[in-house]
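[1] Give me a 3D structure for the following:
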Amino acid sequence: MHTLQKCWNEQPALRPDSSNLLNDITNKMDTAFNHNTSFFDNILHRVKKYADALEDEVYNRTVELQTERKRCDELLCEILPRIVAERLRNGGKVEPEYFESVTVLFCDAHGFETHVVDLRSPVAVTGFLSKLYFAFDPVVKGFNAYKVETVASSYLVVSGLPVKIGTHGNEIASLALALRKAFTLDLPISTLDVYFMACLGPCVAGVVGHVNPRYCLFGDTVNTASRMQSQSLPGHIQLSAETADLLRSVARPAYEIKERGNIDIKGKGLQTTYWLHGTSTAKLP
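    Okay, here's the model as predicted:
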C-alpha cells in the first residue's frame, strides 16, 4: 500500500522510478515468502496453509451440523415415540397398528374450564397449564409409558405401545400414583383437583398428518377411559374391571384396590369400577 501511495504522489520527482519500484516489490515478496526457498515451494506452502484452514472450517461446520441434527432428532422424539421417529427419519413408513392389549390413563384437572378460564387472564391460564405439564412430564419419563396428547387440562398417557410389553398395567398404575403425588401446585382455586382413570383393552395407533404429524390412538378403550374419567372423584384413581383384574393377578407390587360399585357410562351402560388407593412398593419416578 505504501508503494502505491508513492506512485500516486502529485510531484513526479518524488515518484519511484522503475528500478526502485522493482526493488521495492521484490523486497516485499521476499518478506511475504521465505526467500530461502523457491517461488514454487512458497506457493505450495501457501496452498497447504489454505487447505489446512479449509479443513478446519469444514470440521467445525460438520460439528455444528451434527449438533443441530441431534437437536432436531430430540425434538422429533418429543413429538413422536422414539421408535416411530427413527423409522420416519430413515425414510420408512409407519402403518397403523392394532394392539391387542394396552392400558391408557386419563388425567384431568376438573374445574379448569369454569374456575380458571372464566376467572383468570389468558397469560395466567397458560402459566397454570405449563406448571401442570412441567410437573407431570418428568414423571412420565420415569416409566415405560408415552404421553399421547394434552387437550386443555386433559392429559392422556398409554403403556403397551408402540413397543408391546406385558407389564403395561403395572406401569400405568404406578404412574398414576406418582402423578397424583406430583400434583402439588399451589393454586388459588381450592375446588380444582385432578381426576384419574385407567382402562385396559385393545386399540389402534398410528401417525396422522404430514406437516404436523401426531401419534394418535383410536378405539373403544380410549373412549371408555375418557367417559369413565369424567365420573371419577377428586384425587382418586379409578380403574376399569379389566385393569383391576390384571393388577390383582400380579404378585409385585401388591396394589391396594377396592371396588367402587356400578356407574352408568354413556354408551356402555352400568360398569363396575374400582379405586386404586396405593401400594407400599410402587415404582417411583
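
[2] all strands for the protein, in order.
    Taking DSSP state E, the strands of the chain run over residues 97-110, 146-151, 154-159, 193-208, 214-218, 237-240, 256-265, 269-278.

[3] so which of these is the most packed in?
    Counting by mean count of other Cβ atoms under 10 Å, strand 237-240 has the highest mean neighbour count of the strands of the chain, with a mean of 26. C-beta coordinates here come from the backbone N, C-alpha and C atoms, glycine included.

[4] so what secondary structure elements neighbour that strand?
    helix 168-182, strand 193-208, helix 220-229, strand 269-278 (3 or more Cβ pairs under 8 Å, 6 or more residues apart in numbering; DSSP states H and E).

[5] Tabulate these in TSV, adding columns for distance to residue 246 and mean pLDDT.
    As requested, those are exported to TSV (distance: least, Cβ to Cβ, whole Å; pLDDT from 0 to 100):
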stretch	distance to residue 246	mean pLDDT
helix 168-182	4	89
strand 193-208	6	86
helix 220-229	13	86
strand 269-278	11	88
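
[6] With distance to residue 97 as extra columns, can I get those in JSON lines?
    Output for those, formatted as JSON lines (distance: least, Cβ to Cβ, whole Å):
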{"stretch": "helix 168-182", "distance to residue 97": "15"}
{"stretch": "strand 193-208", "distance to residue 97": "6"}
{"stretch": "helix 220-229", "distance to residue 97": "14"}
{"stretch": "strand 269-278", "distance to residue 97": "27"}
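
[7] just so I know, which of those lies nearest residue 25?
    Closest to residue 25 of these is strand 193-208 (Cβ to Cβ; 68.6 Å).

[8] would you put the C-alpha positions of the closest one in PDB?
    The C-alpha coordinates for strand 193-208 follow below in PDB (Å, rounded to 0.1, in the frame of the first residue of the first chain):
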ATOM      1  CA  ASP A 193     -58.400 -31.200  41.600                       C
ATOM      2  CA  VAL A 194     -57.200 -34.000  39.400                       C
ATOM      3  CA  TYR A 195     -59.200 -37.000  38.400                       C
ATOM      4  CA  PHE A 196     -57.600 -40.200  37.100                       C
ATOM      5  CA  MET A 197     -59.000 -43.100  35.100                       C
ATOM      6  CA  ALA A 198     -57.000 -46.200  33.900                       C
ATOM      7  CA  CYS A 199     -58.600 -48.500  31.400                       C
ATOM      8  CA  LEU A 200     -57.200 -51.700  29.700                       C
ATOM      9  CA  GLY A 201     -58.100 -53.000  26.300                       C
ATOM     10  CA  PRO A 202     -57.300 -53.100  22.600                       C
ATOM     11  CA  CYS A 203     -56.700 -50.000  20.400                       C
ATOM     12  CA  VAL A 204     -55.300 -48.900  17.100                       C
ATOM     13  CA  ALA A 205     -52.400 -46.400  16.900                       C
ATOM     14  CA  GLY A 206     -50.700 -44.700  14.000                       C
ATOM     15  CA  VAL A 207     -49.100 -41.400  12.700                       C
ATOM     16  CA  VAL A 208     -51.700 -38.900  11.400                       C
END
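
[9] Quick check, residue 163 in contact with residue 84.
    No. Here residue 163 does not reach residue 84: they are 10.1 Å apart, not a contact under Cβ atoms under 8 Å.

[10] which one of these two has more residues nearby?
    Between residue 163 and residue 84, counted using other Cβ atoms under 10 Å, residue 84 has the larger neighbour count: 23 against 12.

[11] thinking that one is in contact with residue 95, fair?
    No. Counting by Cβ under 8 Å, residue 84 does not reach residue 95; the two are 10.8 Å apart.

[12] From the chain's centroid, how far away is the lengthiest helix in the chain?
    Longest helix in the chain by number of residues (criterion: DSSP state H): helix 39-79. Taking Cα atoms, centre = their mean, to the nearest Å, the mean C-alpha location of helix 39-79 is offset from the chain mean by 29 Å.

[13] Cheers, nothing more for now.
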